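Asker: structural data only, the sequence is not supplied:
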DNA sequence: GTTGACTCTCACGTCAATGTGAGGCTTTAG
DNA sequence: CTAAAGCCTCACATTGACGTGAGAGTCAAC
């Protein structure tokens, strides 16, 4: 039982992303797997973490093009590499502000729901 | 300069929602304006607050159908009316959990961005 | 070797909120 | 009275991240 290279099905299983999504991420420049002579995609282990980051950022409302600008600058978890690229830096700040605003909107919405449920207000988590 | 009834243009101005959106909200059962004999929509002042709530809930990711279930139970700001309607209550709890999860996802995404920006972590707001 | 699981590339479908334009009434200001 | 501005109802277009199916090649096990 040779282990063999990680193909798209296994990456899908490991990340929870659908095969379709993984192909889509590649199409958008977020992943760049090797190819076997058969045309099959081959991923390395770093791809798993990359896909996880992609999903986090996507669920935060970032578009694939924004993520494409960010990803190349993240080599492993939480390492700062964005030395002095002011353009990127500004774009990130914009996205960050959007996220912060979105969090506040969500908290406002949650309070509306809480007022209906009759739950004690302002529980920070859960 | 008679004041006259509030028509769709004025409601749009007062709420920031586009005219198209206001018609859409009505189509989805979120608004039920009166009509003049001409067919023109007429709104009362409560509509302004209603539209604001709609927008908050929409931006929180609730669908119009979910909002349609919620809105009739909100008479003014933050009044609990959901006496004992377990079905609604459960639906709200589901949405609330979704929102809480979404907030956590956003915070995770913000930390990824922070690690790139090089900003001090864990600033709760702003 | 053959079957079945896996993969490939198109390429069109989906969903939700909203944009946009056509064609035609109604109201308002002058 | 008339023109401009506002409103009406269709109804098709848009955006983004996928779903889904067709048709065909590839790999693993038996």
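Answerer: All right, it came through fine. Computed from a prediction, not measured in an experiment: that's the story for all the values here.
Asker: give me the element the residue nearest to the spatial centre of chain A is part of.
Answerer: Residue closest to the average C-alpha location in chain A (CA atoms, centre = their mean): residue A:54, at 2.0 Å. Taking DSSP states H and E as the criterion, residue A:54 maps to helix A:46-59.
Asker: could you say what helices and strands that helix packs with?
Answerer: Judged by 3 or more CB pairs under 8 Å, 6 or more residues apart in numbering or on different chains; DSSP states H and E, helix A:46-59 is in contact with helix A:8-15, helix A:19-27, helix A:64-70, helix B:86-117. For every residue, glycine as well, the C-beta is placed using N, CA and C.
Asker: what pLDDT, on average, does the third one get?
Answerer: When pLDDT is averaged along helix A:64-70, the result is 89.
Asker: swap in the second one?
Answerer: For helix A:19-27, mean pLDDT rounds to 96.
Asker: quick one: buried residues of it?
Answerer: Neighbour counts over helix A:19-27 (16 or more other CB atoms under 10 Å in any protein chain shown) mark A:21, A:22, A:25 as buried.
Asker: closest one to DNA strand D out of those, please.
Answerer: residue A:21 (3.4 Å; CB to the nearest atom of the strand).
Asker: closest residue of chain A to DNA strand C?
Answerer: Closest point on chain A to DNA strand C, by CB to the nearest atom of the strand, is residue A:9, at 2.6 Å.
Asker: list the contacts of residue A:96.
Answerer: Shown in contact with residue A:96 (CB atoms under 8 Å, 6 or more residues apart in numbering or on different chains): B:110, B:113, B:114, B:117, B:119.
Asker: care to break chain A down by domain?
Answerer: A:1-62, A:82-126 (automatic domain parsing).
Asker: between those domains, which one is nearest to residue B:58?
Answerer: domain A:82-126 (8.8 Å; CB to CB).
Asker: circling back to that earlier point, okay, the domains of chain A in JSON lines with distance to residue B:94 next?
Answerer: Output for the domains of chain A, formatted as JSON lines (distance: least, CB to CB, whole Å):
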{"stretch": "domain A:1-62", "distance to residue B:94": "17"}
{"stretch": "domain A:82-126", "distance to residue B:94": "10"}
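Asker: ok, of the ones you listed, where does mean pLDDT dip lowest?
Answerer: domain A:82-126 (a mean of 73).
Asker: enumerate the residues of chain A near DNA strand C.
Answerer: A:7, A:8, A:9, A:10, A:12, A:19, A:20, A:23, A:39, A:40, A:41 (CB under 7 Å from any atom of the strand).
Asker: of these, select the buried ones using a ChimeraX command.
Answerer: In ChimeraX, this line selects whichever of the residues of chain A next to DNA strand C come out buried by 16+ other CB under 10 Å:
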select /A:8,12,41
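Asker: hmm, back to that, can I get the helices and strands packed on helix A:46-59 in TSV with distance to DNA strand D?
Answerer: Formatted as TSV, the helices and strands packed on helix A:46-59 follow (distance: least, CB to the nearest atom of the strand, whole Å):
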stretch	distance to DNA strand D
helix A:8-15	10
helix A:19-27	3
helix A:64-70	4
helix B:86-117	13
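Asker: alright, that wraps it up for me.
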